[in-house]
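# missing the sequence, but the structure's below:
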């Protein structure tokens, strides 16, 4: 509570005192105060404005307290000024100080800063803790540079004060560049060059411009810049000096940017070969560009333009040969249909290409083995020459056929003639194209069939019984003319035919016969016969035994009389009765009521 009361009293006194001073102090403007005091510090460009300046510290609060500082920051006031000499000395005289204990005065120091965040002390720091004048002296200053003065109430004292300039601020000379712009006048796009001007007293900024903008400026603000030239043209390079209080006269220099013209080299080479430019080897025609740095750092361009001399393509050369032949062309031998490009040297030293179009023409005569001419003058035979050459070798090729022989009936100019006589027949195949004729021949001998087939073989049962059936099969003869059919004869029975077999039903006992002949157009061959003995079949047996029996009876049934020619009997009993086969008799067991049928 005591501290708050003291602050309230101090603020009241400060406000009263400040009101009295504002009528005649803070001229031309009040100091920078509060957290943004440094950023809002007024700039004094002449000693007349700063000498005798007066103001009052107040309860304004603070922002960053610069370091190093010989005290703590409570309610600072900020000023900025231009150094007119390397040493500046200021005296700050406090009065009417209010604070604890007993108004202990002011504290002050000079700083260099570019952002009001980081500070470098350039003077002594005065903090006497008494209501007495204090003097701060800045040394090793840069003429024309902006510096800052901070005045703070000791322990937050609220004081009136005045500032006396003892030495150093003076009137800053106008910013003038003492010389000209140095650097190349003639440049080229791509060059990176430096331009400078002499440093001048009181100059804190050098503002450069390049109009029109044929390049980009680096390090603007200093007296030494770098320009990267990007375009051709004529431009003015200008620089204007300035400091916080004044702007000096602009000086300029004319810059001429001219591209280095490319150098061309024209090359011809044979297609398929390689060509060389600037130490590099290439295979394809076209343009190759090489870029080098000149002494200015600009691009120096060498362009090689290569043109390929295409091979001279001659009209194709056509040739025709017959199958089995070969063709020599440009020292090479060919024997297959196709296109054959040959590369020769032309007068230009490059390739000359001529293509051989070779056609290998066929005239193949092929006759299939002929059949045998049949018997009789009406018999004919068709010869088969379809395996011969059938497709012309090329459009416009002529393919012909001619037969010779003793009995050509028709088709003598086709592949399938009809003949009617035995003898030798010759086929001549001829194919003609582009003045070349190819021929092929083939011959066959045709025989006629003048003999009947040989005796076949017949097989089947030799001892059948009357009433029975038997199957007999014929096998073709193993040599001689092939049969075209068979003729069967049977004694002692009847038969039906199916292919190479017959089925005989025997009707009479005794001696019988089965015969067959192999036939062709010339007639039947010798017969093949089988002697057959047809036996009499067994007599129908007579069965004796009761027709009516009782359940559980066991009855014998007997064949009487027994046929001596019968070799065996086969018994069957119907119903559910069981029996024992005794040959010519059976014994039947009748288990229940039933009706039986014997066979």
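That came in fine, so what should we check first? Just so it is clear, the structure is predicted and the values come from calculations on it, not from any experiment.
# Would you mind listing the residues in contact with the spatially closest residue to residue 508 that is not a sequence neighbour?
In this structure, residue 508 finds its nearest non-sequential neighbour in residue 492, 5.2 Å apart by Cβ to Cβ, 6 or more residues apart in numbering. Bear in mind the C-beta positions are built from the backbone N, C-alpha and C, glycine included. By Cβ atoms under 8 Å, 6 or more residues apart in numbering, the residues touching residue 492 are 506-508, 510-513, 532, 534.
# at 6 Å instead, please
Taking Cβ atoms under 6 Å, 6 or more residues apart in numbering, we find residue 492 in contact with 506, 508, 512, 534.
# Quick check: it vs residue 517, distance?
19 Å (Cβ to Cβ, to the nearest Å).
# Quick one: neighbours of the residue lying closest to residue 37 once chain neighbours are set aside, just the number.
Spatial nearest neighbour of residue 37, excluding adjacent residues (Cβ to Cβ, 6+ apart): residue 78 at 4.2 Å. Residue 78 has 24 neighbouring residues, counting by other Cβ atoms under 10 Å.
# swap in residue 106?
By other Cβ under 10 Å, 28 other residues sit near residue 106.
# so it makes contact with residue 94?
Yes - between residue 106 and residue 94 there is a contact at 4.7 Å, judged by Cβ atoms under 6 Å.
# Please enumerate the shared neighbours of those two.
Common contacts of residue 106 and residue 94 (Cβ under 6 Å, 6+ apart): residue 159.
# which residues of the stretch 301-450 of the chain score low on pLDDT?
346-348, 376-377 (pLDDT under 70).
# And stretch 221-235, what's buried?
223, 225, 227, 229, 235 (16 or more other Cβ atoms under 10 Å).
# who does whichever strand or helix holds the last one touch, helix- and strand-wise?
This points to residue 235. Counting by DSSP states H and E, the element that carries residue 235 is strand 233-242. Applying 3 or more Cβ pairs under 6 Å, 6 or more residues apart in numbering; DSSP states H and E, we find strand 233-242 packed against strand 205-211, strand 251-257.
# Direction-wise, compare the last one with strand 233-242 and give the angle.
Compare the direction of strand 251-257 with that of strand 233-242 by axes from the mean of the first three to the mean of the last three Cα atoms, to 10 degrees and you get 160 degrees.
# now do the first one
Inter-element angle recorded for strand 205-211 and strand 233-242: 160 degrees (by the same axes, to 10 degrees).
# Give the next helix or strand downstream of strand 205-211.
Criterion used, DSSP H and E; the element after strand 205-211 is strand 215-218.
# before we move on, what about the last one?
The first helix or strand that comes after strand 251-257 along the chain, using DSSP H and E, is strand 263-270.
# Quick check: mean pLDDT of that following strand?
For strand 263-270, mean pLDDT is 85.
# Helix or strand with the lowest mean pLDDT in the chain?
When each helix and strand of the chain is scored by mean pLDDT, DSSP states H and E, helix 2-22 comes last, with a mean of 33.
# next SSE after that helix?
Going down the chain from helix 2-22, the next helix or strand is strand 32-33, by DSSP H and E.
# Tell me the strands beside the following helix or strand past that next one, with direction?
Beyond strand 32-33 on the C-terminal side, the first helix or strand identified by DSSP H and E is strand 43-44. The sheet places strand 43-44 alongside strand 77-82 (parallel), with pairing taken from DSSP bridges.
# ok, and what's touching the partner strand?
When contacts are defined by Cβ under 6 Å, 6+ apart, strand 77-82 is touched by residues 31-33, 37-38, 41, 43-45, 50, 57, 146, 148-151, 169, 172, 245.
# cool, stretch 138-154 as well?
Stretch 138-154 has contacts (Cβ under 6 Å, 6+ apart) with 57, 73-80, 83, 86-88, 92, 104-112, 122-123, 129, 159, 172, 201-202, 204, 243-244.
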